[in-house]
Each structure stands twice: as structure tokens, then as C-alpha cells.
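Colleague: Pasting the sequence and the predicted coordinates here, then a few questions.
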Amino acid sequence: FIRNFCRKMSEDRRIIEYEGLKYYKKEGQWYQLQMYPIEANKLPDAIKTKKPTKFDLPPEIQLDVFKCLDFTQLLSVQQTNVYFKNFIYQYDKELARKKFNKLEINTTNRPNFMTLNQKNSGFGTLECLNKRINSFKPEPRLYEFELSKQLEKKSAIENSIPMFLTSTNEKTVICELERNCKGQRDLYYFQLSRFAKTIEEMKIARYFFQLLFNCTFEFSIIHVVINPQMIELLFDNDNKVPLQLHSQITELALYDELNLNFAWNHLISNEFVMFIGIESFNMEKNRDFLFNILTNGGDKFFNVGYDNNDSKLYNLIIEHIETAQDLSKMVHEIKFNEMYGHLLSSKGAKNIEDDGKTKRFQISNKHNPKIEFSVSIEKGRMRNIPTYGNNLFLTVYAKKMNKDRKIIEHEGLKYYKEVNGINCRCFQLKKTRCLMLLKLNQNLTFRLKYVFKCLDFTQLLDVQQASGYFKNFIYEHGKCWRGSNLTNLKLCYDPAYEEIRTKRLSHNEIQSR
């Protein structure tokens with residue numbers, strides 16, 4: 001009924017709204033929606049000249065609270081007032097993102113994509129069995145921004161700089177996004193040309209890439225990578241846009257070093273698997289790059305796997321684990337699948353187990369013996385490889401052992417406490433605080449209560465609908481804010497208020513009204 005009241009007051013032009021706060025004048029006095037009286041000669045300066053200070057709480061504490069929300073919950077809070085809208089926009093890089101189940105980037109020679117092209121040559125919505133397929137093109141108003149002058153000066157179109165890097169000569173690339181919600185599988189297809197022909201196509205590409213960079217994906221299959229050079233031209237070092245794909249599990253086809261540049265600069269993934277093309281990928285030339293990903297990519301990747309590679313990289317990693325002075329940036333888990341070649345034996349191996357099919361042992365760093373890796377080597381099938389001849393394929397799995405760090409696993413995600421015992425690091429997608437913070441941080445209850453006291457009744461209802469946790473939290477601590485706000489509503493008389501006050505309706509009934 002607050003919203004209906006405000007709407008009615010607005011129609012009479014007796015209400016003032018500024019920065020998400022509402023004021024109205026009644027009998028010579030100004031009232032805010034909370035509602036406390038304001039004398040006519042003491043109207044808040046924020047309405048005239050300056051913005052109001054919404055919270056006394058430091059921004060870093062507010063950020064801690066918002067990191068507990070997922071993308072949908074953030075949208076609900078962001079719509080409560082302008083302050084939250086601007087705050088969430090300012091720190092959006094550190095907060096949750098829109099989530100899809102799957103992303104696949106491929107050329108049109110994929111069977112499913114070819115069928116789609118035959119059925120639908122334009123853009124629209126298709127119904128296909130139990131799947132809902134959406135092929136779309138953004139409206140012009142959605143990407144009305146200026147591309148950098150550098151882009152036009154370099155004449156990317158005239159120089160035929162490719163938008164995507166492929167191993168074939170396909171002219172069209174399709175991106176498939178899949179989202180499963182309540183048993184409904186939605187597929188979204190976005191089609192782009194490999195070579196942009198107009199500035200308009202460049203703007204469309206930038207708009208779509210920005211969408212991808214602002215989302216997260218449970219699973220990504222990348223057969224075709226976005227050209228890093230084109231990303232640099234389109235975004236022109238725009239610090240407001242994160243220029244990385246965030247995915248839980250990523251599979252990348254490696255054809256040349258440009259694919260590696262994309263992976264290193266524009267990809268963050270919990271589990272990263274690279275399929276090495278034996279015939280097209282130059283292993284000798286790029287071995288150092290692959291080695292660098294394993295030894296310095298710990299902030300980008302937690303688990304890295306290489307398929308179809310020789311044993312030289314394995315030998316380098318084993319030596320690095322045993323002799324390097326700093327292993328802090330190294331990935332935690334390494335897997336070499338279908339590896340061929342001779343393996344060097346480790347002199348410092350201990351706890352060796354060998355049953356003929358699988359060999360297991362542990363190695364440690366000589367500078368810091370507390371850092372240990374558990375290594376497992378599983379024998380596979382025979383295969384003829386040029387240069388190496390007949391080889392027994394091996395699967396090697398090396399995992400960093402956490403001796404002094406307690407790992408907490410919740411709903412498939414792994415977390416551990418930092419030294420101060422308050423913050424936690426999420427291994428999934430990016431380093432951020434997350435829902436487990438609700439359990440790890442004993443001071444969070446106080447922080448939430450402090451923030452929620454700054455909200456009026458309508459804003460509390462919006463936040464309460466964001467998640468079951470907030471619904472229960474607000475209801476449990478309702479005496480801290482709900483009673484005072486309902487009392488203040490008396491200034492905005494409404495028959496529904498009298499019913500709430502006299503009949504003492506239940507919390508759910510109050511919510512519905």
C-alpha cells in the first residue's frame with residue numbers, strides 16, 4: 001500500500017523523489033517515507049544541491065555483504081534505490097554475474113548449427129522438441145556507444161583483421177548459450193561474421209563480447225577463440241569492462257599460439273582442459289608458454305589439464321616442483337591425459353606404490369618441505385606417434401597437498417579460511433567472498449542488521465524477496481526494524497494500516513499487502 005500511496009501522491013504533484021528517497025509536504029511540514037517530520041525551513045540540502053549520504057558503514061563492509069548475493073538477488077537490491085544501483089555498478093567486477101549453464105563457440109559446420117541455419121535464416125524464436133531456441137540480434141539502442149578513434153584509424157575492416165581465430169576458412173561463427181531453469185532448457189544462438197564488414201557489425205560484436213565478459217558459465221567449449229587483437233581494439237583498455245570469460249569448466253582446442261594468448265589474457269576457469277592438435281600445434285615452440293600457465297596461472301586456474309602432449313612438459317614440472325624457490329603462483333592440480341614419451345624418475349619420491357597399472361608417489365619442494373604434490377601415473381593404450389614411434393599412452397595426475405589448510409566443500413564448491421579467519425577465498429571462477437562467508441564470519445549478523453536498519457519498509461520487502469536466507473533473517477530480527485517502520489507508516493494513513501495494527505496480521509499477510 002506504500003507504493004499505491006506514493007503513486008496517488010505523485011498524481012497530485014505533492015511528492016518529491018530524489019536519489020531513491022521520497023518526500024512530501026503536509027500541513028507545512030516535509031515528511032520522508034520513513035517517516036519522520038522535517039520542518040519546512042530545514043528541507044534536506046540533498047534535494048537542492050548535494051547527494052545524501054546513505055550509510056555510515058564503510059564501503060568495504062557494504063561490499064562484504066553484497067558479495068553474499070547472487071546475480072538475481074543483486075538485481076533486486078539494485079532496484080531498491082539509486083544509491084544501491086550506483087554502488088553495485090561501481091563494484092560489479094567483484095560481485096556475482098549472470099549465470100548460464102553452457103557456452104559453446106564454434107563454426108557453422110557443427111551439425112546442430114547447420115540444422116539451425118537451414119530452419120531459420122534470420123532472427124527470431126524457434127520451438128524445437130522440448131527445447132526453446134532463441135536466435136537474436138540486439139536492437140541498435142542497446143549498443144549506441146562510440147568505438148575508439150584508434151579503431152577507425154587502424155581501419156580494422158580494410159585490413160581484414162579477423163574477429164575470431166579458427167583452424168578452418170569458415171566465414172561465420174555461432175555462439176551458443178544454454179540455460180536450464182525449472183526443467184526448461186533455453187538455447188540462445190548469436191551469429192557473427194568472422195570478418196566484420198561495417199562499423200555497425202563492430203559495434204554489435206563489442207556489445208556481445210561485453211555480455212559474455214559480464215556472465216559466468218558452468219561449462220564452456222571453445223573451438224574458436226576471440227581474436228585478442230580485436231578485443232584490444234574494440235574495448236580500447238576500458239577498465240570498466242572485465243575482459244575475461246569466467247567459466248567453471250573450460251575446454252579449449254589448441255591450434256596455435258594465438259589460442260594460448262586468449263587463454264592467458266581472457267580466461268578464468270576453475271577447471272581448464274586444453275586439447276592439443278598434434279598435427280597443427282607446434283609443441284616445441286609453445287612448450288614454454290604451456291609451462292608458464294602451470295607455474296604462474298594459479299590466480300586464473302585451479303585445475304589445468306593437457307591432452308595429447310609429450311612427456312617433456314611433465315619432466316619440467318616435476319623438476320620445478322622439487323627445485324623452485326616460489327610455488328605460490330602454481331596451479332593446484334595438473335593432469336596430463338594421453339601423454340607419450342620417456343618419464344624421468346624423481347629422486348625425492350616417497351610413499352611409492354606401484355601395482356603394474358598405476359604408480360603413485362609424493363614429491364616435495366627442497367626449499368619448503370611442507371609443499372607436497374601427490375602424483376599418479378596410469379598406463380593406457382599403445383599408439384604410434386610420429387617422431388616417437390610406438391608409445392604407451394599415460395595419464396598423469398599431480399595434486400598439491402594441503403597440509404596446513406582446511407578445505408571446506410559446500411554444494412560442489414571449495415573454500416578455505418584466510419589467516420585472519422574472517423575472509424574466505426572461493427576457488428570457483430574468481431577470488432571472491434561468497435555464501436560460505438555467512439557461516440565463516442561471526443560479525444556478519446551485526447553488519448547485516450546495521451545495513452538493513454537503513455532501509456525503509458518497502459526496501460526491506462524487496463530485499464526479503466531476494467533469497468530465503470534474507471527472508472528468514474529479516475523475519476527473525478524483525479524487532480530491530482519492522483516494528484518501527486510500521487509505526488512510522490501512520491503518517492501515511494491508509495485503511496490497510498489500521499487492519500494491520502488492530503488485527504495483528506501475520507508476517508506473510510503483511511508482505512502480500
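Modeller: Arrived safely, thanks for sending. In this text the structure is predicted, and so the values were computed from the model without any measurement.
Colleague: Specify the local secondary structure of Gln325.
Modeller: Here Gln325 is recorded as coil under DSSP: H, G, I helix; E, B strand; the rest coil.
Colleague: got a list of what it touches?
Modeller: Gln325 makes contact with His367, according to C-beta atoms under 8 Å, 6 or more residues apart in numbering. Where C-beta positions appear, they are placed from N, C-alpha and C, glycine not excepted.
Colleague: And it, its phi and psi?
Modeller: phi -80, psi -20 (degrees, to the nearest 10).
Colleague: swap in Phe213?
Modeller: Main-chain torsions, Phe213, degrees, to the nearest 10: phi -70, psi -20.
Colleague: residues in contact with it?
Modeller: Contact partners of Phe213, counting by C-beta under 8 Å, 6+ apart, are 241-245.
Colleague: Would you mind putting these into TSV with neighbour count and secondary structure alongside?
Modeller: Output for those, formatted as TSV (neighbours: other C-beta atoms under 10 Å; DSSP: H, G, I helix; E, B strand; the rest coil):
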residue	neighbour count	secondary structure
Val241	17	coil
Pro242	18	coil
Leu243	18	coil
Gln244	17	coil
Leu245	24	strand
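Colleague: quick one: which of those is nearest Lys300?
Modeller: Using C-beta to C-beta, Gln244 comes nearest to Lys300 of the contacts of Phe213, at 8.2 Å.
Colleague: I'd guessed that closest one sits against Leu267; true?
Modeller: Yes. Judged on C-beta atoms under 8 Å, Gln244 makes contact with Leu267 at a distance of 6.1 Å.
Colleague: helices and strands around the helix or strand containing Asp186, which ones?
Modeller: In the assignment (DSSP states H and E), Asp186 maps to strand 184-193. Under the contact definition 3 or more C-beta pairs under 8 Å, 6 or more residues apart in numbering; DSSP states H and E, strand 184-193 sits against strand 131-135, strand 172-181, helix 199-213.
Colleague: Dump the ones you listed into TSV; add mean pLDDT and distance to Leu165 as well.
Modeller: Listed next are those as TSV, based on pLDDT from 0 to 100; distance: least, C-beta to C-beta, whole Å:
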stretch	mean pLDDT	distance to Leu165
strand 131-135	53	24
strand 172-181	85	10
helix 199-213	84	14
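Colleague: So which of those is nearest Glu94?
Modeller: Per C-beta to C-beta, nearest to Glu94 of those: helix 199-213, 14.3 Å.
Colleague: just to revisit the earlier point, buried set for the strand holding Asp186?
Modeller: Buried residues in strand 184-193, counted by 16 or more other C-beta atoms under 10 Å: 185, 187-193.
Colleague: need the residues you listed in CSV with distance to Glu232, can you?
Modeller: Listed next are these as CSV, based on distance: C-beta to C-beta, whole Å:
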residue, distance to Glu232
Arg185, 35
Leu187, 30
Tyr188, 26
Tyr189, 26
Phe190, 21
Gln191, 23
Leu192, 17
Ser193, 19
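Colleague: re earlier: kindly reformat the contacts of Phe213 as JSON lines containing pLDDT.
Modeller: Converted to JSON lines, the contacts of Phe213 look like this (pLDDT from 0 to 100):
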{"residue": "Val241", "pLDDT": "72"}
{"residue": "Pro242", "pLDDT": "77"}
{"residue": "Leu243", "pLDDT": "86"}
{"residue": "Gln244", "pLDDT": "87"}
{"residue": "Leu245", "pLDDT": "89"}
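Colleague: Redo those as TSV? Include distance to Lys285.
Modeller: Formatted as TSV, the contacts of Phe213 follow (distance: C-beta to C-beta, whole Å):
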residue	distance to Lys285
Val241	32
Pro242	30
Leu243	26
Gln244	25
Leu245	25
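Colleague: Return the member of the residues you listed nearest to Leu212.
Modeller: Nearest to Leu212 among the contacts of Phe213 is Leu245, at 6.1 Å by C-beta to C-beta.
Colleague: Quick one: residues contacting the closest one.
Modeller: Here Leu245 is in contact with 103, 212-213, 217, 220, 266-269 (C-beta under 8 Å, 6+ apart).
Colleague: In strands, which of those residues fall?
Modeller: 103, 217, 220, 267-269 (DSSP state E).
Colleague: list the contacts for Asn315?
Modeller: 343-344 are the contacts of Asn315 under C-beta under 8 Å, 6+ apart.
Colleague: what's the distance between it and Glu158?
Modeller: Asn315 sits 47 Å away from Glu158, taking C-beta to C-beta, to the nearest Å as the criterion.
Colleague: Same question for Gln210.
Modeller: Relative to Glu158, Gln210 is positioned 24 Å away (C-beta to C-beta).
Colleague: Neighbour count for the two, which is higher?
Modeller: Taking other C-beta atoms under 10 Å, Gln210 and Glu158 do not tie; Gln210 has more neighbours (19 against 7).
Colleague: of all the contacts of Leu245, which comes closest to Thr80?
Modeller: Phe213 (26.2 Å).
Colleague: Tell me the spacing between the residue nearest to Lys98 when sequence neighbours are not counted and Ile204.
Modeller: Computed as C-beta to C-beta, 6 or more residues apart in numbering, the closest residue to Lys98 that is not its neighbour in sequence is Cys215, at 4.5 Å. Distance check for Cys215 against Ile204: by C-beta to C-beta, it reads 17 Å.
Colleague: Right, I'll call it a day here.
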